[in-house]
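[1] Turn this into a model:
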Amino acid sequence: MTRPLSLHPDRLFPSDPVPRAIARRLYAEVADLPIISPHGHTDPSWFAGNAPFGNAAELLLHPDHYVFRMLYSQGIALDALGIGNPDADPRESWRLFAQNYHLFRGTPSRMWMDWVFAEAFGFDVQFSSETSDLYYDRITEALATDAFRPRALFDRYRIEVIATTESPLDTLDHHRVIKDANVRGEWGGRVITAYRPDPVVDPEYEGFRDNLARFSDISGEDAFSYAGYLAAHRNRRAFFAGMGATSTDHGHPTAATADLSDAEAEALFVRVTRADVSATDAELFRAHMLTVMAGMSRDDGLVMQIHPGALRNHNSWLFTHYGRDKGADIPTRTDYVRALRPLLARYGNEAGLTIILFTLDESSYARELAPLAGHYPALKLGPAWWFHDSPEGMRRFRAQTTETAGFYNGVGFNDDTRAFLSIPARHDVARRIDCGFLAALVAEHCMEEWEAAELAVDLSYNLAKAAYRL
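    Have a look, this model is predicted:
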């Protein structure tokens, strides 16, 4: 039995008619603003080559770990979904997705995916086992047209800039192709990179010593000496900045920071470059390098993002068979007040430095993060992230941080996604939630509506553009 698919114009707005009417007016001011996507994991090769996406599964299922982790949790093999298995029939993988679409009821993935189905592809019947082939065929046929090539979709959804995320070991060849296309006037889309040094900063990262060897080769520095290692970072950061980067990104297991003397740091570096590095030394080195990276950001102007608190690859079997980023990273409790104190003692009062903090530990919002960002000039709060990038997560974030940190110690919204078409869907959700939050403040006479309208534009566009120096 097929059922209709429609997106209600008041979705996510307050149910009370007074703030709902205000939210509608505020949303009308921001609905069509350009999208600033300052941190994410879309593939730059999409925009460099501008080749058509192959089929529905390739575009909407395979890049989206929010989707396939839910299916995996219900016992559906990743091989059958085509994850890490190029021999899987994409139509059959898509049918599995369709047969189990009910699993996503009440989740943000369902909201984003329905937006894509209705807005991008014009479906008016719900995705289900009965409509699986209809969806697969219509989406796959559309993807073969010029209107659905990556650059055309970028332009269609008014994306002003996307920042992808690359390792220091990346040659950024795809970004060079995009940059050349911009120079020649072939395409005006702005796709920039961000410096993610985890593979050469985390001694517990797989292949760390091999990564240092490649780091030496690509930078022309001796990355096995501490002085050469730091010089290699400066070299690569400058290269990334020359290719458009305005930010760095650090995905550490904790928010621990340390400020070691040069002698202590050199001795530690000798220990962590050995094959038998201890967990204690690995954590201390990561902690020290966060402070070092803050100093480099002060010097070169790159905005620093810290994304701590995920126990990566919790499912060791899955990691062994499928590798990283397959939906098995799990949030942990995270301390910020004590953990960040060494870094903040050194650089927290630098008004010209921007450090954006994210968390997966919502209990830290009101207790730690809002008070820290509400005091230190260098700190800004990143938006609700990853597991909390959801309507209720966004509401909790605003409710717990605004009274202490205000709106302007935040950075608006970023989507942090690998799934391209979820970008406009996620920004639409964020804009609706923020308009609803602001509407309640107006309805309760805590704010004038003209102020809320200005704030809605700032939260949707201006704050991200300013914070990331775009």
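[2] Tell me the buried residues in whichever strand or helix holds residue 96?
    Following DSSP states H and E, one finds residue 96 within helix 90-99. Neighbour counts over helix 90-99 (16 or more other Cβ atoms under 10 Å) mark 90, 93, 94, 95, 96, 97, 98 as buried. To be clear about C-beta, it is placed using only N, CA and C from the backbone, and glycine gets the same treatment.
[3] That helix packs against which elements?
    helix 65-73, helix 78-81, helix 132-143 (3 or more Cβ pairs under 8 Å, 6 or more residues apart in numbering; DSSP states H and E).
[4] At the geometric centre of this protein, which residue do we find?
    Residue closest to the mean C-alpha point of the chain, counted by Cα atoms, centre = their mean, is residue 416 at 1.7 Å.
[5] Just give me the neighbour total for residue 203.
    Residue 203 has 24 neighbours, counted by other Cβ atoms under 10 Å.
[6] thinking again about what came up before, for the helix holding residue 96, which outside residues touch it?
    Under the criterion Cβ atoms under 8 Å, 6 or more residues apart in numbering, residues 54-58, 61, 67, 71, 76, 80-82, 127-129, 131-133, 135-136 lie in contact with helix 90-99.
[7] Any figure for the gap between residue 246 and residue 147?
    30 Å (Cβ to Cβ, to the nearest Å).
[8] Have a look at these two and say which one is more surrounded.
    residue 246 (21 against 9).
[9] Phi and psi next, for the more buried one.
    Per-residue torsions, residue 246: phi -120, psi 0 (degrees, to the nearest 10).
[10] cool, residue 178 as well?
    The phi/psi pair for residue 178 (degrees, to the nearest 10) is phi -60, psi -40.
[11] show me what contacts it?
    Per Cβ under 8 Å, 6+ apart, neighbours of residue 178: 44, 47, 48, 187, 189, 191.
[12] Just among those, which is most surrounded?
    So for the contacts of residue 178 (other Cβ under 10 Å), the most neighbours sit at residue 191, 27 neighbours.
[13] Is that one located within a strand, as I assumed?
    Yes: assigned with DSSP: H, G, I helix; E, B strand; the rest coil, residue 191 falls within a strand.
[14] my guess is it meets residue 159, correct?
    No: distance between residue 191 and residue 159: 9.0 Å, which falls outside the contact criterion (Cβ atoms under 8 Å).
[15] Just the buried residues out of the contacts of helix 90-99, in PyMOL syntax.
    The PyMOL command for the buried members of these (criterion: 16+ other Cβ under 10 Å) is given here:
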select buried, resi 55+56+57+58+61+67+71+76+81+82+127+128+131+132+135+136
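[16] picking that back up, now do the next helix or strand after the helix holding residue 96 and helix 65-73, the angle between them.
    Per DSSP H and E, the first helix or strand lying C-terminal to helix 90-99 is helix 108-115. Computed by axes from the mean of the first three to the mean of the last three Cα atoms, to 10 degrees, the angle separating helix 108-115 from helix 65-73 equals 120 degrees.
[17] Please report phi then psi for residue 282.
    Dihedral angles (degrees, to the nearest 10) for residue 282: phi -60, psi -40.
[18] Quickly list the domain ranges of the chain.
    What automatic domain parsing lists as the domains of the chain is 17-51+148-467, 52-147.
[19] Same list (those) but as TSV, adding distance to residue 10 and mean pLDDT.
    Below are those laid out as TSV (distance: least, Cβ to Cβ, whole Å; pLDDT from 0 to 100):
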stretch	distance to residue 10	mean pLDDT
domain 17-51+148-467	6	97
domain 52-147	14	97
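[20] closest to residue 2 out of those?
    Residue 2 lies closest, by Cβ to Cβ, to one member of the domains of the chain: domain 52-147, at 4.7 Å.
[21] Just the terminal-to-terminal distance for the closest one.
    10 Å (Cα to Cα, to the nearest Å).
[22] Also stretch 1-14?
    Start-to-end, stretch 1-14 (Cα to Cα) is 32 Å.
[23] and residue 356, that's in a strand?
    Yes: judged by three-state DSSP, residue 356 forms part of a strand.
[24] quick one, what contacts it?
    303, 304, 305, 306, 380, 381, 382, 411, 467.
[25] how about 7 Å then?
    Contact analysis of residue 356 by Cβ atoms under 7 Å, 6 or more residues apart in numbering lists 303, 304, 305, 380, 382, 411, 467.
[26] mind listing the strands in the stretch 101-250 of the chain by residue range?
    159-163, 190-192, 247-250 (DSSP state E, counting those that start in this stretch).
[27] Residue 368: which of the buried residues of helix 90-99 is nearest?
    Closest to residue 368, out of all of the buried residues of helix 90-99 and judged by Cβ to Cβ, is residue 97, at 38.8 Å.
[28] For that closest one, give its distance to residue 292.
    44 Å.
[29] so is the residue nearest to the centre of the chain in a helix, a strand, or just coil?
    Residue 416 is classified as coil under three-state DSSP.
[30] Settle this for me: it is touching residue 40, isn't it.
    Yes: taking Cβ atoms under 7 Å as the definition, residue 416 is a contact partner of residue 40 at 5.5 Å.
[31] now, which of the contacts of residue 356 lie within helices?
    If you go by DSSP state H, the contacts of residue 356 have residue 467 in helices.
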